[in-house]
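In: I'll drop the sequence and a predicted model, then ask my questions.
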Amino acid sequence: MSSQQNMQELTETSEAISLKEVILQAGVWIKYLFKHWIWMLLAGVVAAAIGVGISTFLKKKYEAELTFILEDANSNPLSSYMGLASQFGFDLGGGASSGLFTGDNIIEFLQSRLIVEKTLLSTVNDGNGGFTLADRYISFTKMNAGWNEDLKKIHFSPGNNRNAFNITQDSILNLIYVDITEKRLKVDKTDPKLNFISVDMVTEDQLFSKVFVERLVDEAISYYVSTKTGRSKINIDRLQSQADSLEEVLNKRTYRAATVQDINLNPAKQVAAVGAEVASRDKMVIQTMYLEVVKNLELSKLTMAQETPIIQIIDKPIYPLKEKKIGPVKAGVIGFFLGAFLLTVVVFIKRIYQQIMA
């Protein structure tokens, strides 16, 4: 029992000594740092001056942000029509949704090479024939400053066929794509639980930032509609052509039926009524076919409307855009504390080195 008490007393004594040593050692370090306060102050002032200088010479950056929402499939306004159509044996879908515009797919889709390149090659009208966003990006970023003369002559003129680009144009376009997606473009959900998507672009060119985010979303929607509803559109065009042809035939049959009917026909000559009967029968057949085609046409239009993504733009960028630049005061304060901290680290390292070598 006494041995246990002795061990406990020794443990408490060693802990007290350890705590005392820590306090004394901390006091030594604080005194050592105070001896170098002038140097730390000087380092902070120099770093603050550097920060102010950098802030002054840095170019302004403009942030354009566009926010849109994807409508939930459960709130599809066509659900009542789909229910009505199902009663007549037509399946217009409406089950679990999947595709480019569902879940997190839209985030990756908006940053895909296909959509970004389509946006970069889109034309901005300026009254002088226009220019592409790709040329605009090369111009304000001066990314061609180190290129040779042959490369500087390469441009992405409006209306150029993307499939006709050579390997050099492909390489330049890829450089722009990588730079934008890695450093400037950000696509994300504003809240993981919501369907609000935010598209954010930060560049040194105010016009480019604004037009890019708007065109990016437009190109994504346009591409999705053209691919998703392509089959439905072909079907609609075919039915529309059939409906137009049948309508023309129906009009002709109607006029023919009216022509062959004779209100003064002698009842004794019943054979003369055969022509009117045949004309009336043809008219009824064509009319039945026409009504069926028109019904299928309208249902196909409903199907295509269902497949088309319903996107509501909530906020669009407007001029003047938000500027992203650290002000001189903020840059000076950050520089001061950073400079003082770095010198403190240097002083600590120097002190530790002296103790080791002593």
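Out: Noted; the coordinates are in hand.
In: when you work out contacts or count neighbours from here on, use the C-alpha atoms and nothing else.
Out: OK.
In: mind listing the strands for the stretch 201-350 of the chain?
Out: Taking DSSP state E, counting those that start in this stretch as the criterion, the stretch 201-350 of the chain carries its strands at 311-315, 322-324.
In: reformat those as TSV; add mean pLDDT and distance to Tyr137.
Out: Output for the strands of the stretch 201-350 of the chain, formatted as TSV (pLDDT from 0 to 100; distance: least, CA to CA, whole Å):
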stretch	mean pLDDT	distance to Tyr137
strand 311-315	84	24
strand 322-324	80	18
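In: would you mind finding the most buried of those?
Out: Mean neighbour counts were taken over those using mean count of other CA atoms under 10 Å, and the top value, a mean of 15, falls to strand 322-324.
In: next SSE downstream of the least confident helix or strand in the chain by mean pLDDT?
Out: Here the helix or strand of the chain ranked lowest by mean pLDDT, DSSP states H and E is helix 79-87, holding a mean of 49. Once the chain leaves helix 79-87, the next helix or strand it forms, by DSSP states H and E, is helix 105-110.
In: which outside residues touch that following helix?
Out: The list of residues contacting helix 105-110 from outside it, by CA atoms under 8 Å, 6 or more residues apart in numbering, reads Gly99, Leu100, Ile115, Val116, Val187, Asp188, Ile197, Leu216, Val217, Ala220.
In: buried among these? Need that as a selection in PyMOL.
Out: Per 16 or more other CA atoms under 10 Å, the buried members of those correspond to this PyMOL selection:
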select buried, resi 100+115+116+187+188+197+216+217+220
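In: as a markdown table, the contacts of helix 105-110 with pLDDT would be great.
Out: Converted to a markdown table, the contacts of helix 105-110 look like this (pLDDT from 0 to 100):
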| residue | pLDDT |
| --- | --- |
| Gly99 | 58 |
| Leu100 | 60 |
| Ile115 | 93 |
| Val116 | 94 |
| Val187 | 91 |
| Asp188 | 89 |
| Ile197 | 88 |
| Leu216 | 94 |
| Val217 | 91 |
| Ala220 | 86 |
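In: turn the contacts of helix 105-110 into a markdown table, columns for distance to Thr303.
Out: As requested, these are exported to a markdown table (distance: CA to CA, whole Å):
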| residue | distance to Thr303 |
| --- | --- |
| Gly99 | 16 |
| Leu100 | 18 |
| Ile115 | 26 |
| Val116 | 29 |
| Val187 | 30 |
| Asp188 | 30 |
| Ile197 | 26 |
| Leu216 | 26 |
| Val217 | 23 |
| Ala220 | 20 |
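In: let me know the closest of the contacts of helix 105-110 to Gly146.
Out: Among those, Val116 lies closest to Gly146 (CA to CA), at 24.4 Å.
In: surely that closest one and Leu216 touch.
Out: Yes. Between Val116 and Leu216 there is a contact under CA atoms under 8 Å: 6.7 Å.
In: ok so, going back, from the contacts of helix 105-110, which land in helices?
Out: Ile115, Val116, Leu216, Val217, Ala220 (DSSP state H).
In: leaving out chain neighbours, which residue sits closest to the fourth one?
Out: Ranked by CA to CA, 6 or more residues apart in numbering and with sequence neighbours excluded, the top spatial neighbour of Val217 is Leu110, at 7.3 Å.
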